[in-house]
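Enquirer: A structural model of the following input is requested.
(2 chains)
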There are 2 protein chains.
Amino acid sequence: METVNQSKAFGGTQGVYRHAAATTGTDMTFSVYVPPHDEGARLPVLWYLSGLTCTHANVTDKGEYRRACAERGIIFVAPDTSPRGEGVPDDTAWDFGQGAGFYVDATEAPWSANFRMRSYIEDELPGLIAAEFPMADLARQGITGHSMGGHGALTVALRNPGRFRSVSAFAPINSPRHCAWGEKALGGYLGADRASWLPYDACALIDDGARVEAILVDQGASDPFLSDQLKPDLLQRACERAGINLTLRMQAGYDHSYHFISTFMNDHIAWAAERLQ
Amino acid sequence: METVNQSKAFGGTQGVYRHAAATTGTDMTFSVYVPPHDEGARLPVLWYLSGLTCTHANVTDKGEYRRACAERGIIFVAPDTSPRGEGVPDDTAWDFGQGAGFYVDATEAPWSANFRMRSYIEDELPGLIAAEFPMADLARQGITGHSMGGHGALTVALRNPGRFRSVSAFAPINSPRHCAWGEKALGGYLGADRASWLPYDACALIDDGARVEAILVDQGASDPFLSDQLKPDLLQRACERAGINLTLRMQAGYDHSYHFISTFMNDHIAWAAERLQ
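Expert: Numbering: from 1, shown residues only, chains lettered A, B, ... in the order given. Below you'll find the predicted structure:
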């Protein structure tokens, strides 16, 4: 693992790191904020999965999470959203290919060689964090994310019961098989057989019996993607059917941007801290 | 004035705006955060002047000022650092020309036609804010800034006695006539006669009798520009000679980045709020 840069921030260290990832066959860049802590202390970890077009940098620059993580003693990890670089397949669309990995292990050519973000997020990067950040206590993990990354957070948590003590999302894609972004991405990466999509659809996972204890979702009521792509009503109904305790907050006047995310970031860190400390 | 974009943030409105500026002869872009407020309320204004290479966007994205401004009811205005665009003179260096206006009214060709940031910041933009933001109470203004913009904040405040109730800076260039950045910029924009530089040097202004009540300066002790360019000891000695109440805080481990600025932004907004409310 190579350190790209590090800065002191809110008493802790905001770093950006790069490593040669085996799952994706590419160099992958990610950021980690380690709050101030006593020597030898072990700290819980909150994962943040980003949305379409983003890298680690969007939330690192604009997420405003460091103060709350410093106050509550939480490590914040922000991975990239796809493999990148020369030789990696791409698409001219902004919602497919590089920057749009959708947290799946692709099975279709040409994507299947590199677009293995499920394995990267679920297995490889946690292993690297454990090895390189000895203060990270992976017995205490939470996960959150935005939009495509909210979909990622929900599905990673639902597929890995017991791993995450807290789960939340900002304006997640709640059921990718029921929106254009998801149909394009899952069809492109996994093929036309919609049965292969189900492990990547939070509502389908819940209907299939997957459970988490509770979920916090914030959704801007003025989000332009609300009714066509995000559809929180689908998650609400799936959670009702399953008896999952969903706190869905419609936030009047807020859009899909980092101004929405940063406004409610403190609440999601508090949600995680209550379950991780 | 044209609205480039607006988002709800922390209960208020973060906007980016553009207008045809008479002083610079160019379109100028700036951002304004208006916190939540009662109808008819009038709110104080905090100006933030940015550093070399920046536009309005750097602090708008990375400054983490919105929560504190929302809590304290302060309007936050972030201008650009120079005129820009085709037909505007530029230089291949990052520390001169576009993105490096140094808050002067240039007198040397080819810069004098457009590089009139002193007049833009002192006269034209306040007039526009007063006209377009009726909740802005320009009887209650504060000013701050970073690096080149810290130099800007100090010199604008010192040249306009009584206008700013609060003055602070993050890692300012304290005496541009005593560092390479400043000698290059002031020499380039104003010519070789160093007497013409004095209205743009905080220490020279203080030695010439200019006064403000108090100044807060935060400075990262690990800032790579500390000893060669920023030289807070020069400001400290000028304030001692003048009896100006300078609070200079050397912050151990912090660098020159927005991780430093965002960490201490709350303190600077509190400093302003104490004097503006």
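Enquirer: which bits of chain A sit near chain B?
Expert: Proximity of chain A to chain B, by CB under 8 Å from any CB of the partner chain, involves residues A:7-11, A:14, A:61-62, A:64, A:66-67, A:220, A:222, A:253-255, A:257-260, A:262-263, A:266. (Glycine included, C-beta is placed from N, CA and C.)
Enquirer: restricted to strands, list those.
Expert: Using DSSP state E, A:S7, A:K8, A:A9, A:Q14, A:G220 are the members of these that sit in strands.
Enquirer: tell me the pLDDT of the fourth one.
Expert: To tie it back to what came earlier, the one meant is A:Q14. pLDDT, A:Q14: 98.
Enquirer: from A:M117, how far out is it?
Expert: As for A:Q14, its distance to A:M117 is 23 Å (criterion: CB to CB, to the nearest Å).
Enquirer: who has more neighbours, these two?
Expert: A count of neighbours by other CB atoms under 10 Å in any protein chain shown puts A:M117 above the other of A:Q14 and A:M117, at 28 against 24.
Enquirer: with adjacent residues omitted, what lies nearest to that one?
Expert: A:G101 (3.9 Å; CB to CB, 6 or more residues apart in numbering or on different chains).
Enquirer: the one you found sits in which helix or strand?
Expert: Under the criterion DSSP states H and E, no helix or strand holds A:G101.
Enquirer: show me what contacts A:D105?
Expert: Neighbour list for A:D105: A:S112, A:F115, A:R116, A:M117, A:R118, A:S119 [criterion: CB atoms under 8 Å, 6 or more residues apart in numbering or on different chains].
Enquirer: relative to A:L138, which of the ones in strands among the residues of chain A next to chain B is nearest.
Expert: Nearest to A:L138 among these: A:Q14, at 20.2 Å, using CB to CB.
Enquirer: which residues touch the closest one?
Expert: A:Q14 touches A:Q6, A:S7, A:K8, A:S31, A:V32, A:Y33, A:T60, A:R66, B:H259, counting by CB under 8 Å, 6+ apart.
Enquirer: again with A:M117
Expert: A:M117 neighbours (CB under 8 Å, 6+ apart): A:T24, A:T81, A:S82, A:P83, A:G101, A:F102, A:Y103, A:V104, A:D105, A:G152.
Enquirer: just how off-centre is the host helix or strand of the last one within its chain?
Expert: With the criterion set as DSSP H and E, the secondary-structure element containing A:G152 is helix A:148-159. Counting by CA atoms, centre = their mean, to the nearest Å, helix A:148-159 is centred 6 Å from the centre of its parent chain.
Enquirer: can you give the contact residues for the next helix or strand after that helix?
Expert: With elements assigned by DSSP H and E, the helix or strand that comes after helix A:148-159 is strand A:164-170. With contact meaning CB under 8 Å, 6+ apart, strand A:164-170 is reached by A:46, A:140-147, A:149-151, A:153-154, A:156-157, A:212, A:214-219, A:260-261, A:264, A:268, A:271-272, A:274-276.
Enquirer: ditto for stretch A:84-95
Expert: A:26-27, A:52-53, A:55, A:97-100, A:110-111, A:113-115, A:181, A:184-185, A:188.
Enquirer: in strands only, show me those.
Expert: Under the assignment DSSP E, the contacts of stretch A:84-95 contribute A:T26, A:D27 to strands.
Enquirer: out of the contacts of stretch A:84-95, which are buried?
Expert: A:26, A:52, A:55, A:97-100, A:111, A:114-115, A:181, A:184-185, A:188 (16 or more other CB atoms under 10 Å in any protein chain shown).
Enquirer: out of the residues you listed, who's nearest A:M135?
Expert: Using CB to CB, the buried ones among the contacts of stretch A:84-95 come closest to A:M135 at A:T55, 24.8 Å.
Enquirer: quick one: contacts for the closest one?
Expert: A:T29, A:D80, A:T81, A:R84, A:G99.
Enquirer: just those residues now: which is nearest A:I206?
Expert: Scanning the contacts of A:T55 for proximity to A:I206, where the rule is CB to CB, the winner is A:T81, at 23.6 Å.
Enquirer: A:A273 should be in a strand, yeah?
Expert: No: A:A273 is assigned helix when assessed by DSSP: H, G, I helix; E, B strand; the rest coil, not a strand.
Enquirer: pLDDT score for the nearest residue to it once chain neighbours are set aside?
Expert: Of all residues not flanking A:A273 in the chain, A:R72 sits nearest, at 4.2 Å (CB to CB, 6+ apart). Looking at A:R72, its pLDDT stands at 98.
Enquirer: from what I can see A:R72 touches A:A270, true?
Expert: Yes: assessed by CB atoms under 8 Å, A:R72 is found in contact with A:A270 at 7.4 Å.
Enquirer: ok, the residue nearest the centre of chain A - contacts?
Expert: By CA atoms, centre = their mean, chain A has its centre lying nearest to A:L49, at 2.1 Å. The neighbourhood of A:L49, defined by CB under 8 Å, 6+ apart, consists of A:79, A:81, A:103, A:121, A:143-146, A:148-150, A:152-153, A:156.
Enquirer: any idea what it is bridged to?
Expert: A:G145 (DSSP bridges).
Enquirer: please report how far it lies from B:G63.
Expert: For A:L49, the distance to B:G63 - CB to CB - is 25 Å.
Enquirer: ok, A:E64 next?
Expert: Distance from A:E64 to B:G63, by CB to CB: 10 Å.
Enquirer: which residues do those two both contact?
Expert: Common neighbours of A:E64 and B:G63 (CB under 8 Å, 6+ apart) are B:S262.
Enquirer: hmm, back to that, tell me the one among the buried ones among the contacts of stretch A:84-95 nearest to B:M135.
Expert: When the buried ones among the contacts of stretch A:84-95 are compared against B:M135 (criterion: CB to CB), the nearest one is A:L52, at 35.5 Å.
Enquirer: can you give me every residue that contacts the closest one?
Expert: So A:L52 contacts A:T81, A:W94, A:D95, A:G99, A:A100, A:S147, A:M148, A:W181 (CB under 8 Å, 6+ apart).
Enquirer: excluding chain neighbours, what is closest to the fifth one?
Expert: Translated: A:A100. In space, and not counting its chain neighbours, A:A100 is closest to A:L52: 5.3 Å by CB to CB, 6+ apart.
Enquirer: for that neighbour, give me phi and psi.
Expert: phi -50, psi 140 (degrees, to the nearest 10).
Enquirer: ranking by neighbours, what's the top pick from the contacts of A:M117?
Expert: Neighbour max across the contacts of A:M117 (other CB under 10 Å) = A:G152, 33 neighbours.
Enquirer: so it makes contact with A:G145?
Expert: Yes: using CB under 8 Å, A:G152 makes contact with A:G145 at a distance of 5.2 Å.
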